[in-house]
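>>> The sequence and its predicted three-dimensional model are supplied below.
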Amino acid sequence: MTQDEVVAWLQDYHDRLASAAARGESFFEEAFAKPPEGAAVHDYDARARIMRVNSEELRILGYAREDMVGHQVWEFVVMQDASRQSIEKKLAGEKDIKPFVRTFRCSDGSGIAMLIVDRRILDGEGRAVGIRTAMTPVG
């Protein structure tokens, strides 16, 4: 697949998660728990702490759920300072959200390049309360 096709595939998974969430929490949890192969997803809150992570991301990166949930998302990125600054700007609405590639650190210390498609998580009043990241290995 080309990069554009991968982005479209990740955006489609975002759409499926959003549709499931609109139908209710149980539908969302089921869709989140059963991702397509290669579709790693995590949600983080306004403080950049991971709230949930799917089984595909755990498989790809080699972590246990408890290793990731509650930790700041940039702890799992190779260039932590650049990631932290970018995430803080996205959460503050100061940076556009568009697809990009970032290297994540696997549990064994190796790096893996991931194509990332983010979406803001909004509360009932339309305020950003976090970000959902869908990503897949590239290269």
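Arrived safely. In this text the structure is predicted, and so the values were computed from the model without any measurement.
>>> Determine the longest helix present in the chain.
helix 3-23 (DSSP state H).
>>> Would you mind listing the buried residues in that one?
Using 16 or more other CB atoms under 10 Å as the burial criterion, the residues of helix 3-23 that qualify are V6, V7, W9, L10, Y13, H14, R16, L17, A20, A21. Placement of C-beta: from N, CA and C, glycine included.
>>> Could you export those residues to a markdown table, including columns for distance to L115 and pLDDT?
Formatted as a markdown table, those follow (distance: CB to CB, whole Å; pLDDT from 0 to 100):
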| residue | distance to L115 | pLDDT |
| --- | --- | --- |
| V6 | 5 | 95 |
| V7 | 7 | 96 |
| W9 | 10 | 96 |
| L10 | 7 | 96 |
| Y13 | 12 | 94 |
| H14 | 13 | 94 |
| R16 | 18 | 92 |
| L17 | 17 | 93 |
| A20 | 22 | 91 |
| A21 | 23 | 88 |
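>>> would you turn the residues you listed into a markdown table with distance to S83?
Below are the buried residues of helix 3-23 laid out as a markdown table (distance: CB to CB, whole Å):
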| residue | distance to S83 |
| --- | --- |
| V6 | 20 |
| V7 | 19 |
| W9 | 23 |
| L10 | 18 |
| Y13 | 22 |
| H14 | 20 |
| R16 | 26 |
| L17 | 23 |
| A20 | 28 |
| A21 | 26 |
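>>> among the residues you listed, which two are most distant?
Spanning the widest gap among the buried residues of helix 3-23 are V6 and A21, at 22.8 Å by CB to CB.
>>> Relative to E30, how far out is the residue of the chain most remote from its centre?
Most distant residue from the mean C-alpha position of the chain: E125, 22.3 Å away (CA atoms, centre = their mean). To E30, E125 is 27 Å away according to CB to CB, to the nearest Å.
>>> Please give the element, helix or strand, for S83.
Using DSSP states H and E, S83 sits in helix 80-91.
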